[in-house]
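J.: sharing a model prediction with you, sequence too.
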Amino acid sequence: MGFLTGTYLKMQTARMRIQLQHQLTSIMSQLNRVTKQMGQMEKMLTSQQRSADLALRQQTQYSIWSTLQDKYPGIDPNNPATLTGMDSAGMQAFSYTQQQAQYRYAQAQSVWADYFENYKEAQMEPLKSLEESLTIRKTNIESRIQLIEQQEKAAESMTKSSQQDFTPQYSGQG
């Protein structure tokens, strides 16, 4: 009876192992896709952040030059050499304007950095949750496969030990 039970258990555990391996393959494929999507999303968000920072920097430079042009109409933003013709009051105004613009730029940059960090987290959270869920499912299936492999070994040993019952003994002692 142990031989039949062992053989049946071997078949069942082999079938279950194959099913779990198919599930594991599917999960690994999904996990790879999610990881790739996360990388693409990360690149896109980083690019957006760089573009916003560049625009902010350009706006700050424009602010400095436009403020100076209002006070000193001869200043040309495309020709910084026009600064050399300014008097000391003009240079102080330029320095003050530049400091104020840099201060506003630092504040705006801080606000934008916080915004992008929150935006990035909000965009990445669904993908991170899916990745975590898939990782948990993967770990669960891997542990189930290990248990089934142990059951297969137990069924194999049950079958081998029962095979001795079918082997005739030719001892001649009859």
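T.: All right, it came through fine. Numbers count the residues shown, from 1 in each chain.

J.: tell me the mean pLDDT for the host helix or strand of residue 107?
T.: Here residue 107, judged by DSSP states H and E, is contained in helix 88-166. Averaged over helix 88-166, pLDDT sits at 86.

J.: what helix or strand is residue 63 located in?
T.: helix 2-71.

J.: and the nearest residue to residue 94 once chain neighbours are set aside, how many neighbours?
T.: Spatial nearest neighbour of residue 94, chain neighbours left out: residue 68 (5.9 Å); criterion: Cβ to Cβ, 6 or more residues apart in numbering. All C-beta spots, glycine's among them, are computed from the backbone N, C-alpha and C. Applying other Cβ atoms under 10 Å, we find 21 residues neighbouring residue 68.

J.: pretty sure residue 68 sits against residue 95.
T.: No: using Cβ atoms under 8 Å, residue 68 makes no contact with residue 95, being 10.7 Å away.

J.: what's the neighbour count on residue 141?
T.: Residue 141: 20 neighbours (other Cβ under 10 Å).

J.: identify the residues contacting it.
T.: Residues in contact with residue 141 (Cβ atoms under 8 Å, 6 or more residues apart in numbering) are 20, 23-24, 27.

J.: compare those and tell me which has the most neighbours.
T.: Busiest of those [other Cβ under 10 Å] is residue 27, holding 20 neighbours.

J.: could you report the pLDDT at the residue nearest the centre of the chain?
T.: The residue lying closest to the centre of the chain (Cα atoms, centre = their mean) is residue 38, at 4.4 Å. According to the prediction, residue 38 has pLDDT 94.

J.: residue contacts, it?
T.: 124, 127-128, 131.

J.: from those residues, pick the one nearest residue 116.
T.: residue 124 (11.7 Å; Cβ to Cβ).

J.: just give me the neighbour total for the closest one.
T.: 16.

J.: ok, now which ones touch it?
T.: Residue 124 touches 38, 41-42, 45, counting by Cβ under 8 Å, 6+ apart.

J.: just the buried residues from these, in ChimeraX please.
T.: Selecting only the buried entries of the contacts of residue 124 in ChimeraX, with 16 or more other Cβ atoms under 10 Å as the criterion:
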select :38,45
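
J.: next, give me the two most distant ones among the contacts of residue 124.
T.: So, the contacts of residue 124 by Cβ to Cβ: farthest apart are 38 and 45, at 10.5 Å.

J.: re earlier: just the angle for the helix holding residue 63 relative to helix 88-166, thanks.
T.: Put simply, helix 2-71 runs at 180 degrees to helix 88-166, going by axes from the mean of the first three to the mean of the last three Cα atoms, to 10 degrees.
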